[in-house]
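> Just the structure for this:
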Amino acid sequence: MICLPVVAQEQKMTEAEAASFRQSVNVVSKKITSLATDFTQFKHMDFLTKDIETSGKMFFKEPDKLLWQYKKPYNYTIVFKNGKILINDEGKKSAMDVGSSKIFAKLNKLIVGSVSGNLFDDKEFAITCYKGKDFNIAKLIPKDATLKKYLKQIELHFDKQEHTVSQVRLVESAEDYTKIVFKNKVLNAKVDDAVFVN
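As a prediction, the model looks like this:
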């Protein structure tokens with residue numbers, strides 16, 4: 001296996017640059033009351049020659065309502081709301097209480113935080129910020145040992161103009177990761193509560 005440098009254009013931010021970047025993101029994320037976006041998800045697994053590609057729509061509404069609606073190649077919906085995770089797998093529905101699982105509670109907070117950009121919690125993560133050509137990148141390494149079993153690192157790519165998350169990369173192991181790319185983002189449009197019904 002040939003190991004290449006991750007991205008040659010990535011440059012670690014100075015402490016002052018990182019503080020300024022985090023401040024900009026926090027200001028913007030506090031103003032986000034809702035988000036609607038298309039997404040494409042790429043699941044990379046070492047033993048597969050090609051990434052598994054899925055796509056759909058995602059909706060977020062303050063404070064903690066989140067819907068992932070996969071449309072291709074199958075219909076699958078996950079709703080996070082009121083401390084519950086609701087799943088609709090091609091019509092087969094199930095529900096789970098987030099509070100019953102510490103790891104699910106952390107993952108729920110992580111997912112909502114990733115989408116809203118509100119993830120800069122130094123108690124939960126070791127955070128390093130980088131400048132890229134097109135994006136500012138925050139790399140977060142979980143401090144929680146249980147969470148670390150599932151996720152080695154979270155990479156959030158922020159659009160340089162609007163300081164919102166454009167891409168999320170969840171690194172599960174040295175070889176496996178999930179990359180989610182957001183497109184056609186609409187911030188603070190009216191998102192009806194009915195959207196989050198499973």
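> Any regions of this protein where pLDDT drops low?
Confidence mapping of the chain against pLDDT under 70 gives the ranges 1-8, 99-105, 107-108, 114, 116-117.
> which residues of it fall in helices?
15-31, 102-116, 145-150 (DSSP state H).
> Which strands and helices lie in contact with the first one?
So the one you mean is helix 15-31. Helix 15-31 sits against strand 125-131, strand 135-142, with contacts defined as 3 or more Cβ pairs under 8 Å, 6 or more residues apart in numbering; DSSP states H and E. (Each C-beta comes from the backbone N, C-alpha and C, glycine too.)
> Compute the inter-axis angle for the last one and helix 15-31.
Strand 135-142 and helix 15-31 are oriented at 90 degrees to each other (axes from the mean of the first three to the mean of the last three Cα atoms, to 10 degrees).
> what helices or strands is strand 135-142 leaning on?
Counting by 3+ Cβ pairs under 8 Å, 6+ apart, strand 135-142 packs on helix 15-31, strand 125-131, strand 153-159.
> could you dump these to CSV with mean neighbour count and distance to Leu187?
Formatted as CSV, the helices and strands packed on strand 135-142 follow (neighbours: other Cβ atoms under 10 Å; distance: least, Cβ to Cβ, whole Å):
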stretch, mean neighbour count, distance to Leu187
helix 15-31, 14, 8
strand 125-131, 18, 22
strand 153-159, 20, 11
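> any chance of the helices and strands packed on helix 15-31 in a markdown table, plus distance to Val27?
Converted to a markdown table, those look like this (distance: least, Cβ to Cβ, whole Å):
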| stretch | distance to Val27 |
| --- | --- |
| strand 125-131 | 16 |
| strand 135-142 | 14 |
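> nearest to Trp68, of those?
strand 135-142 (20.1 Å; Cβ to Cβ).
> Give me the buried positions along that closest one.
Phe135, Asn136, Ile137, Ala138, Lys139, Leu140, Pro142 (16 or more other Cβ atoms under 10 Å).
> returning to what we had before: who wins for proximity to Lys50 among the helices and strands packed on strand 135-142?
Closest among those, using Cβ to Cβ: strand 153-159, at 21.5 Å.
> In terms of secondary structure, what does the closest one contact?
Going by 3+ Cβ pairs under 8 Å, 6+ apart, strand 153-159 lies up against helix 102-116, strand 135-142, strand 165-171.
> what about those, which gets the closest to Asp193?
helix 102-116 (16.3 Å).
> if we can go back for a sec, mind putting the helices and strands packed on strand 135-142 in CSV, distance to Asp64 included?
Formatted as CSV, these follow (distance: least, Cβ to Cβ, whole Å):
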stretch, distance to Asp64
helix 15-31, 14
strand 125-131, 19
strand 153-159, 18
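> To Met96, which of the ones you listed lies closest?
strand 153-159 (21.8 Å).
> Turn the helices and strands packed on strand 153-159 into a markdown table, columns for distance to Lys148.
Below are the helices and strands packed on strand 153-159 laid out as a markdown table (distance: least, Cβ to Cβ, whole Å):
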| stretch | distance to Lys148 |
| --- | --- |
| helix 102-116 | 11 |
| strand 135-142 | 5 |
| strand 165-171 | 11 |
